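Colleague: after the sequence you'll find the predicted model.
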Amino acid sequence: MDQPMSLEEIEAKHRREKKELQAQIQGLKKIAKNDKTKKKELTIEIAKLESELELRHEEELAALDNAPGEPDDTASLEDEDEVPKVKLSKAQKRRDKKQQQDKERAEQIKLQEKENLHGPRNIEIQSITNKLKERKLSIFSIPSDGDCLYQAVAHQVLATRSNTLSVEDLRMQVATFMRQNKEDFLPFMSNPNTFEMLTESEFNDYCDEIVNTKVWGGQLEIRALSNSLKCPINVIQASGPECIEQGAEFEGPPLIITYHRHMYKLGEHYNSTQAICESDS
């Protein structure tokens, strides 16, 4: 018959099993890295695996506390006429401690959510959302990957003109237009280190970066997009002018995008817009 494991052996076993579980979880995360549906399923599966392992560890520790040959410390009666004095087991103490930690964590989460509710990000989103509602529009989320301006414009071109343009197409059009109209852009561009106007070489490097990298686009790129696509672009924002209009001289419905200063920690961001369905409103 196998000898029962000591507390030290059980704790060592638990540490080993936790490491093995973490390795298993990392493997699962790699599989679902670029699949949003699998990520949601994976989150549920991970929580289940962690919960099952934690419950089994608690049961093993509780079984050790109540093993034969050891005094039962859950309760003791010193005298039949005295009120029983309850002494908590080690397992119960661990459960009580975990319950208290979970309670404190839940309170901290609620407090953080309350602070976020009145934080700059949520205030900005609410302001933009209200302005879009007046136009019967809502925010259409665009990934934050450096291509947000171009992806937002591509989404608008498809929605308003049924024309499909890739991010690469738009970046090439912007760089080409800026090169062909250098005198209209160069005076507004400066070196971030010296604050001097860009040299001819630096300007060409900037245009090359637009085409070959995920460099973020701003007001100058919006101007180039409007002119190269020959359509108006409206930018809705929370502070400053409510709507920045570019290319008002062009005909047709404007491409309407949103500008966010506080959407992500990495910095500024652009989203697209979409019509509000009657069911949504």
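Modeller: Received, thanks. What you are looking at is a predicted structure, and each value in this text was computed from that prediction instead of being measured. Numbering: from 1, shown residues only.
Colleague: same question for whichever strand or helix holds Tyr259: list its buried residues.
Modeller: For Tyr259, the host element (DSSP states H and E) is strand 255-264. Residues Leu255, Ile256, Ile257, Thr258, Tyr259, His260, His262, Met263 are the ones in strand 255-264 that count as buried (16 or more other Cβ atoms under 10 Å). For the C-beta atoms, the positions are set from N, CA and C on the backbone; glycine is no exception.
Colleague: what's the answer for stretch 139-158, then?
Modeller: Neighbour-count burial for stretch 139-158 flags 139-140, 142, 144, 147-157 (criterion: 16+ other Cβ under 10 Å).
Colleague: and stretch 201-208, by the same measure?
Modeller: Glu202, Phe203, Tyr206, Cys207.
Colleague: which one of those is nearest to Gln101?
Modeller: Using Cβ to Cβ, Tyr206 is the member of these that lies nearest Gln101, at 52.3 Å.
Colleague: other SSEs contacting the helix or strand harbouring the closest one?
Modeller: Following DSSP H and E, the helix or strand that holds Tyr206 is helix 200-212. Here helix 200-212 touches helix 167-180, going by 3 or more Cβ pairs under 8 Å, 6 or more residues apart in numbering; DSSP states H and E.
Colleague: residues in contact with the helix it packs on: which ones?
Modeller: 147, 150-151, 153-154, 185, 204, 207-208, 210-211, 217, 220-221, 224-225, 227-229 (Cβ atoms under 8 Å, 6 or more residues apart in numbering).
Colleague: redo that, cut-off 10 Å
Modeller: Here helix 167-180 makes contact (Cβ atoms under 10 Å, 6 or more residues apart in numbering) with 145-151, 153-154, 157, 165-166, 184-186, 189, 203-204, 206-215, 217, 220-229.
Colleague: what's the first helix or strand after that helix?
Modeller: By DSSP H and E, the next helix or strand past helix 167-180 is helix 182-185.
Colleague: helices or strands up against that next one?
Modeller: helix 167-180, helix 200-212, helix 219-229 (3 or more Cβ pairs under 10 Å, 6 or more residues apart in numbering; DSSP states H and E).
Colleague: now those as CSV including mean pLDDT?
Modeller: Shown next, in CSV, are these (pLDDT from 0 to 100):
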stretch, mean pLDDT
helix 167-180, 98
helix 200-212, 95
helix 219-229, 97
